[in-house]
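Enquirer: Pasted the sequence and its predicted model underneath.
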Amino acid sequence: MTTKWNQTMDRIRQWCVRYRTPLILLLLVALICFPFVVQDNYWRGVTTKIILYVLIVSSMNVINGYSGQFTVMQAGFVGVGAYTTALLMTQGGVSFWPSLIASGVLASLLALFVGIITRKMSGLYLAMVTLGVAEIVRIILLNWTSVTNGPLGVKGIPAPKIFGYSLGSSHAMYFLILILTVLMIFCTHRVIHSKIGRAWISIRENEHAAASLGIPTARYKTINLMYGAFWAGLAGAFMAVYYRYIDSTMFGLDENFNILLMMIVGGMGTLAGPVAGAVVVNLISEVFRFAAEYRQVLYAIVIIAMMWFRPQGLIGSLEGGYAIKWRRKRKGVFR
Amino acid sequence: MAYFLEQLINGISQGAIYALFAIGFALIVGVVGLPTFTHGEVIMIGAFGVYYCTSLVSGNLLLNILFCFVVTGLMGVLIHKICYERFENAPHYIPLVCTIGVSILVKNLAQIFFGSETKTMPPLIKPGFFELGHIRISNVQLTVLGVVIALSIVLTLFLYKTKYGRILRAVSQDKKAAALVGINVQRATLLGNVIGCGIGGIGGMLYAIYYSTFSPTMGLGVAMKAFASTVLGGMTDISLSAIGGIAIGILENLGIMLFSSSLRDLIAYLFLILVLLFLPYGLRLKGGRNR
């Protein structure tokens, strides 16, 4: 049964790959028409949240999926971005667009710091250290009361403005977040197919071989972290102006794991994987809202079932390093 | 000075609890070869185990220890079945994500069955203290230290004097070589998981006795303490992990003399990062495998 299901998924994936361009265009048109067709505020909110998660999960996928660094701190980057924008706008009186840039830059500075301290670490130690840094960020945000307002969070974040028009309506926020997400996926597509992206993928496949070919692996890994963190910071900035309120519990360990699980459900190492993961996981949690507290239990069971029957994720790349190694080993042939 | 010494004793007894978390964690990491994210939930189940055993059955300390060990040991079997048995040769992230899944599952089931509010532990140890010069050591602290020391002795005897202990150590050092000399690695992993989880559960029980409040969501915080302690021993060395746990306990209590107590969780993370930065293999003399 498992293999049959897997074959069906693979067939769907191949079909999607073959009709890629029309599918993407169709999806874009559907997303643009969506707020005009569906007038329901609740579902527009859900869709905006999903698109925001697509952005965050994609930014994590750049790090974990393309350069194979197992980091667990995307919520930390998002938190830095969100707090930067929120504080600059409420206390500094800066307008939205400069603080958006500042969010991205600060998040990537944090990533630069992480990249420097972890330049000799790999695998699970890296996961531990990034988890630790994310928690340190959260504890600082929680306890630096004079600046971040401590456990009360930052309230009343103003809406972004462009040429004097306020973009605070839910329609405008929907389109802003959609534009940013599409831009991010497009940029990542370009980067992945450039020299830098090829270097990342070679590091993922075999770091020593990449180094022996003259790729400065430490530098490319840091660039990779900073690139992912930059978009996570931008996502944080949009999160701040969209929710109008942020506090440090939104960026805790649970959120880190949540983002990681979305990425793994969707599949690492492809551009479409995080989209699928964010959509599926959020839809599950919305559809099963009636189940109240059993929702999380169901979510956990989905995760475990996913790992048992389809560890590469819904549309994870079968050609990617992880999956192929495992398949060969299961047949009894070691690399 | 007396205040300093009292904080030191607080630190040692809290550190002893962290040491138990870390010992269980290091045992599991050793036999499995991977960190586990379920350890916090195992500790939480241990805390609830002592709560229900004391309030429903009896307040006998030995019975409570046995009960917590058995319950969390059974959980270890479950974790082994779900997360490790099928994935011996799979890429690392799969069992890791499975443990995250089990951790979410257990945490939410605990919230449903036990209620999500913070529980208060009924007094298991007679309140009172023992005076040594100007320093007071409470009965609870004495119990914690006694249990931890007794458990460490039992565990050391088990690991170094029995056949199964030798098997566990062999698997922890090198799985392939252990399999080559005829050790059933799967069964050793199961055994290590049961013992590691059981010790974590007893740690959770002592946590409940010491702090007397706990909730189903406490898991991640204590699990991070266990992580941070084990890096001192390169994640698999049991005695160095215990030392790491005690060191974190002492540093936390001395730290809150200097900073505000809300920053106390920061210390474990700083310890984790600094140790990994400057002593990537921990304090072990020989460099281990680079995982």
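Expert: Right, received. Where do you want to start?
Enquirer: shouldn't residue A:151 be in contact with residue A:141?
Expert: No - the criterion here is CB atoms under 8 Å, and residue A:151 misses it with residue A:141 at 9.8 Å. Heads up, the C-betas are built off the backbone N, CA and C, glycines and all.
Enquirer: Return every residue with contacts to both of the two.
Expert: Residues touching both residue A:151 and residue A:141 by CB atoms under 8 Å, 6 or more residues apart in numbering or on different chains: residue A:248.
Enquirer: More neighbours: those two, which one.
Expert: residue A:141 (26 against 13; other CB atoms under 10 Å in any protein chain shown).
Enquirer: Is there proximity between the helix or strand containing the more buried one and chain B?
Expert: Assessed by DSSP states H and E, residue A:141 sits inside helix A:123-143. Yes - interface with chain B: helix A:123-143 contributes A:123-125, A:127-129, A:131-133, A:135-136, A:139-140, A:142-143 (CB under 8 Å from any CB of the partner chain).
Enquirer: Closest to residue A:197 out of those?
Expert: Lowest distance from residue A:197 to the residues of helix A:123-143 next to chain B (CB to CB) belongs to residue A:123, with 21.9 Å.
Enquirer: residues in contact with residue A:209?
Expert: When the contact criterion is CB under 8 Å, 6+ apart, the partners of residue A:209 are residue A:202.
Enquirer: in the stretch 101-250 of chain B, which spans are helices?
Expert: B:139-161, B:163-173, B:175-180, B:185-211, B:219-230, B:238-258 (DSSP state H, counting those that start in this stretch).
Enquirer: hmm, I was thinking of the stretch 201-335 of chain A
Expert: Under DSSP H, counting those that start in this stretch, the stretch 201-335 of chain A gives helices at A:207-212, A:217-243, A:253-266, A:272-287, A:294-309, A:321-330.
Enquirer: how about the residues of the stretch 1-150 of chain B that lie near chain A?
Expert: B:34-35, B:37, B:82, B:86-87, B:89-98, B:100-102, B:104-105, B:107-109, B:111-112.
Enquirer: coming back round to it: what angle sits between the helix holding residue A:141 and helix B:219-230?
Expert: Interaxial angle, helix A:123-143 versus helix B:219-230 (axes from the mean of the first three to the mean of the last three CA atoms, to 10 degrees): 120 degrees.
Enquirer: how much space between the residue of the stretch 1-150 of chain A found nearest chain B and residue A:253?
Expert: Closest approach between the stretch 1-150 of chain A and chain B, counting by CB to the nearest CB: residue A:132, at 4.2 Å. According to CB to CB, to the nearest Å, residue A:132 and residue A:253 sit 10 Å apart.
Enquirer: can you list residues touching both of these two?
Expert: residue B:224.
Enquirer: Name the residue in the two with the higher neighbour count.
Expert: The neighbour comparison of residue A:132 against residue A:253 (other CB under 10 Å) goes to residue A:132, with 25 against 22.
Enquirer: quick one, what contacts that one?
Expert: Contacts of residue A:132 (CB under 8 Å, 6+ apart): B:224, B:228, B:269, B:272, B:273.
Enquirer: Swap in 7 Å and give it another go.
Expert: B:269, B:272, B:273 (CB atoms under 7 Å, 6 or more residues apart in numbering or on different chains).
Enquirer: Narrow these to those in helices?
Expert: B:269, B:272, B:273 (DSSP state H).
Enquirer: In a markdown table, list these along with distance to residue A:303 and neighbour count.
Expert: As requested, the ones in helices among the contacts of residue A:132 are exported to a markdown table (distance: CB to CB, whole Å; neighbours: other CB atoms under 10 Å in any protein chain shown):
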| residue | distance to residue A:303 | neighbour count |
| --- | --- | --- |
| B:269 | 25 | 24 |
| B:272 | 25 | 28 |
| B:273 | 28 | 21 |
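Enquirer: quick check, nearest of those residues to residue B:55?
Expert: Among these, and counting by CB to CB, the member closest to residue B:55 is residue B:269, at 34.5 Å.
Enquirer: Which pLDDT value does the model give that closest one?
Expert: On pLDDT, residue B:269 comes in at 87.
Enquirer: next one: residue A:291
Expert: Confidence score, pLDDT, at residue A:291: 75.
Enquirer: nearest spatial neighbour of it, skipping sequence neighbours?
Expert: Nearest residue to residue A:291, sequence neighbours excluded (CB to CB, 6 or more residues apart in numbering or on different chains): residue A:298, at 6.6 Å.
Enquirer: just checking, that neighbour touches residue A:289?
Expert: No - look at residue A:298 against residue A:289 with CB atoms under 7 Å: they stay out of range, at 11.2 Å.
Enquirer: more neighbours, those two?
Expert: More crowded of residue A:298 and residue A:289, by other CB under 10 Å: residue A:298, with 15 against 9.
Enquirer: Return the per-residue confidence for the more buried one.
Expert: With respect to pLDDT, residue A:298 scores 87.
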